[in-house]
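Trainee: need a 3D model of the following:
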Amino acid sequence: MDKLEKLIEMQRDLASVLASPRYPSKAEERISLLCTAIIHEAIELQRLTNWKWWKNPTDFNIEDAKEELIDIWHFVLQATIELNMTPEDILKYYSKKNNLNKERKKMNY
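Mentor: Down below sits the predicted model:
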């Protein structure tokens with residue numbers, strides 16, 4: 001089992017522990033909910049940075065940042081599961097988008 005497969009398996013296990021009747025039954029609603037969670041976790045990560053130019057800067061806590069990033073990973077992994085994606089699918093879609101982004105850069109996109 002590769003590392004990504006292991007992460008997906010761990011997320012499946014966590015999802016079964018956290019199962020709730022409040023979790024939507026429709027796939028589209030689950031994806032929407034997961035997007036909201038990802039956005040909020042990204043904001044929590046951003047709050048650790050000194051993005052507020054009007055405030056005195058504070059030290060960046062990289063360990064807290066890593067924790068927030070892992071929170072994002074939890075929801076990304078759950079979305080991966082909801083979309084029935086395999087590690088092979090992830091590599092395929094990532095590679096396709098990565099190549100497109102490189103082409104866009106060449107074209108001054």
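Trainee: just list the residues touching the closest residue to residue 82 other than its chain neighbours, thanks.
Mentor: Ranked by Cβ to Cβ, 6 or more residues apart in numbering and with sequence neighbours excluded, the top spatial neighbour of residue 82 is residue 30, at 5.1 Å. From N, CA and C alone the C-beta is placed, and that goes for glycine too. With Cβ atoms under 8 Å, 6 or more residues apart in numbering as the criterion, the residues that contact residue 30 are 23-24, 82.
Trainee: could the residues you listed go into JSON lines alongside secondary structure?
Mentor: Below are these laid out as JSON lines (DSSP: H, G, I helix; E, B strand; the rest coil):
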{"residue": "23", "secondary structure": "coil"}
{"residue": "24", "secondary structure": "coil"}
{"residue": "82", "secondary structure": "helix"}
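Trainee: who wins for neighbours among those?
Mentor: With neighbours taken as other Cβ atoms under 10 Å, the top of those is residue 82, carrying 16 neighbours.
Trainee: I'd say it and residue 27 touch.
Mentor: Yes: proximity of residue 82 to residue 27 meets the contact threshold set by Cβ atoms under 8 Å, at 6.1 Å.
Trainee: show me the helices in this protein, by range?
Mentor: For the chain, the helices identified by DSSP state H occupy 3-17, 27-47, 62-82, 87-106, in order along the chain.
Trainee: nearest to residue 55, of these?
Mentor: Using Cβ to Cβ as the measure, helix 27-47 is the one of the helices of the chain that comes nearest residue 55, at 11.4 Å.
Trainee: coming back round to it: now, of the helices of the chain, which is deepest in the fold?
Mentor: Neighbour counts averaged per stretch over these are highest for helix 62-82, at a mean of 16; criterion: mean count of other Cβ atoms under 10 Å.
Trainee: what is the mean pLDDT for that one?
Mentor: This predicted structure assigns helix 62-82 an average pLDDT of 98.
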